[in-house]
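Undergrad: Got a predicted structure plus its sequence, pasted below:
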Amino acid sequence: MFLYNLTLSRPSGIQCAIYGNFSAPKAQEVVVSRGRILELIRPGDNGRLQIILSTDVFGCIRSLATFRLTGAQRDYIIVGSDSGRIVILDYNKDKNQFVKVHQETFGRSGCRRIVPGQYVAADPKGRACIIGAAEKQKFVYVLNRDSAANLTISSPLEAHKSHNIVFSMCALDCGFDNPIFAAIELDYSDADQDPSGDAAAAAQKHLTYYELDLGLNHVLRKWSDPVDNGANLLIPVPGSGDGPGGVLLCAENFLIYRHQGHEEVRAVLPRREDLSGDRGVLIVSYASHKKKAYSFFLLQSEYGDIYKATLTYEGETVSELKVKYFDTLPPCISLAVLKTGFLFAASETGNHALYQFVGTGEDEDDVESSSATLVQTEDGYTPVFFTPRPLRNLVLVDEMPSLMPLIDMKVANLLDEEIPQIYALTGRGPRSALAVLRPGLAVSELAVSPLPGAPTAVFTLRAHPGDEQDGYIVVSFTNATLVFEIGEEVKETSQSGFLATVATIHTQLLEDGSILQVHAGGLRHIRTDRRINEWRAPGRRSITKAATNSRQVIIALQGGLSMASLAAGMTAMMAAL
């Protein structure tokens, strides 16, 4: 018997992260996959990471991609998983949930070599997407709108090639020409038939273009060319007027610009001075930032070093490729550059982080390599060395805790508490830590606000009777009252209508949407239009205690109790008192 299950604590490691505008046209958001958990994360105005939505998909998420239909203002999410299906999700802001727009089955369930889901890429204009397996199978889907402007998806178009291993896949920026998808492939058909191993040693990787002919509704293998056997990652380059198009091919120790009909442009990746000669430099993650007049790429090596890559071009001809040392961060699974000036880094090990840009890497003293100064000798290309330094262009703003990976774990009651503690070794290298875990659910800290003194009481209020969540936090002191408004962040407000110069004994949201504030000197009725009605305690008597519901109030005065109904309004209440 196999049953669905939910864990009390969600996974903390991130396998994939994508950036887009999912809830609103200008919202800067990141969607991450934590194994079987899909989360929507949004940096607040204060730079703190907020988890807007976390949902369990009851499966293994293998890949994610964003796309936007032409003329649309929000992004969709394409999910590749172990379900044997391609799933397109849309975020519904009103319901705060991911809505399944399309779900198309193409193969068997499970993480298999020849079942697509390992790679997903979408055309920048939102006209098509490709989902591929680690070997052989690739499907292309045409994306469009129907007469009601709803998203439609076509039947799959096959782009299979047997005995082919795929190392990376991306979609080229071709404007409104036929969509083109690029892949790094290796054909092992000869090696499979050769027991000597000579064919395997001679196997060659190829950069292959697949073109979707929208007129004929057919996918064809347009171009294939041998590439460096150390190639492991493809990065699409902006085109259609914003750049020369093509791809940046990341290989061991090199960054190479490739495109059909264009000669190869190669630059070496700067390497650490203390790195041994038999160790290469591989790019493991990247983020790109595109503007009309300027674009750049941030590449991270397996050692954590970040490089800034720029292209010098005229029209569709690239004349120079520059790679410059930028900063050093912990190695990341994914990087995402937000248009608000932040960099989200989903770390392989340890805590994930949000950084803010304080520089663009234009310092002249930073090490830079260029294709124009590339020198080839008998022993190969001359390397360029640098020494890692503290952060200069980035500043850490916020972190998300992560226990990934867990190296070892013991359960023991070393602190003589009621419940034993869990002692875990986490992280790797300098980011290793000993974590002490206790069963239960932790409290997430959303906001921190300093207080002028020690509060005597704290109340929460809904802004309207029908709201599901509280809208105000009322903090009472011995001689003052502060009111905080709850939104994307918690901030103090002076527009609530509360009397701020007295201590608040009690407060209540009434059934008509007005608010009642009880203080020692009387009652304050705050109407929905912020008009104020006051009732003063008689004589020198003061209010000591109060209890309310949405229609009635009972107060304890020095010398007796009084009760009144609030249904007939403030005038009737004052008359009853």
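TA: In hand now; what should we look at?

Undergrad: The helix or strand hosting residue 534 pairs with which strands, parallel or anti?
TA: Per DSSP states H and E, residue 534 falls inside strand 532-536. Strand 532-536 has the following strand partners under DSSP bridges: strand 522-526 (antiparallel).

Undergrad: as a whole number, average confidence for the partner strand?
TA: On average, the pLDDT along strand 522-526 is 91.

Undergrad: hang on, residue 530 packs against residue 497?
TA: Yes: between residue 530 and residue 497 there is a contact under C-beta atoms under 8 Å: 5.1 Å. Using the backbone N, CA and C atoms, a C-beta is placed for each residue, glycine as well.

Undergrad: Compare the two and say which is more crowded by neighbours.
TA: Taking other C-beta atoms under 10 Å, residue 530 and residue 497 do not tie; residue 497 has more neighbours (19 against 11).

Undergrad: Next, the contact list for the nearest residue to the more buried one once chain neighbours are set aside, please.
TA: Using C-beta to C-beta, 6 or more residues apart in numbering and skipping the chain neighbours, the partner closest in space to residue 497 is residue 526 (3.7 Å). Residues in contact with residue 526, defined by C-beta atoms under 8 Å, 6 or more residues apart in numbering, are 496, 497, 498, 514, 515, 516, 517, 532.

Undergrad: OK, contacts around the second one?
TA: It stands for residue 497. By C-beta under 8 Å, 6+ apart, the contact list for residue 497 reads 515, 524, 526, 530, 532.

Undergrad: Go again with 10 Å.
TA: By C-beta atoms under 10 Å, 6 or more residues apart in numbering, the contact set of residue 497 is 483, 514-515, 517, 524-532.

Undergrad: Residue 512 is in what secondary structure piece?
TA: According to DSSP H and E, residue 512 maps onto no helix or strand at all.

Undergrad: repeat for the one 5 residues further on
TA: According to DSSP H and E, residue 517 maps onto strand 515-519.

Undergrad: Can you give me the first-to-last residue distance of stretch 140-159?
TA: The first and last residues of stretch 140-159 sit 7 Å apart, counting by C-alpha to C-alpha, to the nearest Å.

Undergrad: pLDDT of that stretch, averaged?
TA: Stretch 140-159 comes out at a mean pLDDT of 90.

Undergrad: So for that stretch, what gets flagged as buried?
TA: For stretch 140-159, a neighbour-count test (16 or more other C-beta atoms under 10 Å) marks 140, 141, 142, 143, 151, 153, 156, 157, 159 as buried.

Undergrad: chain center to stretch 395-406: distance?
TA: For stretch 395-406, the distance from its own C-alpha centre to the chain's C-alpha centre is 13 Å (C-alpha atoms, centre = their mean, to the nearest Å).

Undergrad: which strands and helices sit next to the helix or strand just after the strand holding residue 534?
TA: Counting by DSSP H and E, the next helix or strand C-terminal to strand 532-536 is strand 543-548. Packing partners of strand 543-548 (3 or more C-beta pairs under 10 Å, 6 or more residues apart in numbering; DSSP states H and E): strand 504-509, strand 515-519, strand 522-526, strand 552-557, strand 560-565.

Undergrad: Just checking: what are the partner strands of the fourth one?
TA: Note on strand 552-557: by DSSP bridges, its sheet partners are strand 543-548 (antiparallel), strand 560-565 (antiparallel).

Undergrad: Pull the residues that contact the first one.
TA: Counting by C-beta under 10 Å, 6+ apart, the neighbours of strand 543-548 from elsewhere in the structure are 504-510, 516-523, 537, 553-558, 561-563, 566.

Undergrad: What mean pLDDT does the longest strand seen in the chain get?
TA: Ranked by residue count and defined by DSSP state E, the top strand of the chain is strand 317-328. Across strand 317-328, pLDDT averages out at 94.

Undergrad: Next, the buried residues of it.
TA: In terms of neighbour count (16+ other C-beta under 10 Å), strand 317-328 has its buried residues at 318, 321, 322, 323, 324, 325, 326, 327, 328.

Undergrad: on contacts alone, who are the packing partners of it?
TA: Contact analysis of strand 317-328 by 3+ C-beta pairs under 10 Å, 6+ apart lists strand 254-259, strand 262-268, strand 271-272, strand 295-301, strand 305-314, strand 368-370, strand 385-386, strand 394-400 as its packing neighbours.

Undergrad: Include mean neighbour count and distance to residue 195 when you put these into CSV, please.
TA: Converted to CSV, the helices and strands packed on strand 317-328 look like this (neighbours: other C-beta atoms under 10 Å; distance: least, C-beta to C-beta, whole Å):
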stretch, mean neighbour count, distance to residue 195
strand 254-259, 22, 33
strand 262-268, 18, 35
strand 271-272, 20, 38
strand 295-301, 21, 37
strand 305-314, 20, 41
strand 368-370, 20, 42
strand 385-386, 16, 43
strand 394-400, 17, 50
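
Undergrad: Kindly reformat those as CSV and extend each row with mean pLDDT and distance to residue 18.
TA: Output for these, formatted as CSV (pLDDT from 0 to 100; distance: least, C-beta to C-beta, whole Å):
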stretch, mean pLDDT, distance to residue 18
strand 254-259, 94, 23
strand 262-268, 93, 27
strand 271-272, 93, 30
strand 295-301, 92, 15
strand 305-314, 93, 19
strand 368-370, 92, 29
strand 385-386, 93, 30
strand 394-400, 94, 16
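
Undergrad: and residue 80, which of those strands is closest to it?
TA: With C-beta to C-beta as the criterion, residue 80 lies closest to strand 295-301 of the helices and strands packed on strand 317-328, at 22.6 Å.

Undergrad: Strand partners (parallel or antiparallel) of the closest one?
TA: Partner strands and pairing direction for strand 295-301 (DSSP bridges) are strand 283-290 (antiparallel), strand 305-314 (antiparallel).

Undergrad: could you dump those strands to TSV with distance to residue 341?
TA: Conversion of the strands paired with strand 295-301 to TSV gives the following (distance: least, C-beta to C-beta, whole Å):
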stretch	distance to residue 341
strand 283-290	10
strand 305-314	15
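
Undergrad: Nearest to residue 542, out of the ones you listed?
TA: Residue 542 sits nearest to strand 283-290 of all those, at 61.9 Å, using C-beta to C-beta.

Undergrad: if we look at the sheet, which residues does residue 507 bridge to?
TA: Beta-bridge partners recorded for residue 507 (DSSP bridges): residue 517.

Undergrad: Could you measure from it over to residue 457?
TA: Separation of residue 507 from residue 457 (C-beta to C-beta, to the nearest Å) stands at 9 Å.

Undergrad: overlap in contacts of these two?
TA: Taking C-beta under 10 Å, 6+ apart as the contact rule, the neighbours common to residue 507 and residue 457 are 474, 476, 481.

Undergrad: Tell me the spacing between the second one and residue 487.
TA: Looking back up the chat, that one is residue 476. Residue 476 sits 22 Å away from residue 487, going by C-beta to C-beta.

Undergrad: sorry, back to before: quick check: the farthest pair among the buried residues of strand 317-328?
TA: Greatest spatial distance in those: 318 and 328, 27.7 Å, computed using C-beta to C-beta.

Undergrad: Which ChimeraX command selects the buried ones in the contacts of residue 526?
TA: Entered in ChimeraX, the line below selects the buried ones among these, by 16+ other C-beta under 10 Å:
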select :496,497,498,514,515,516,517
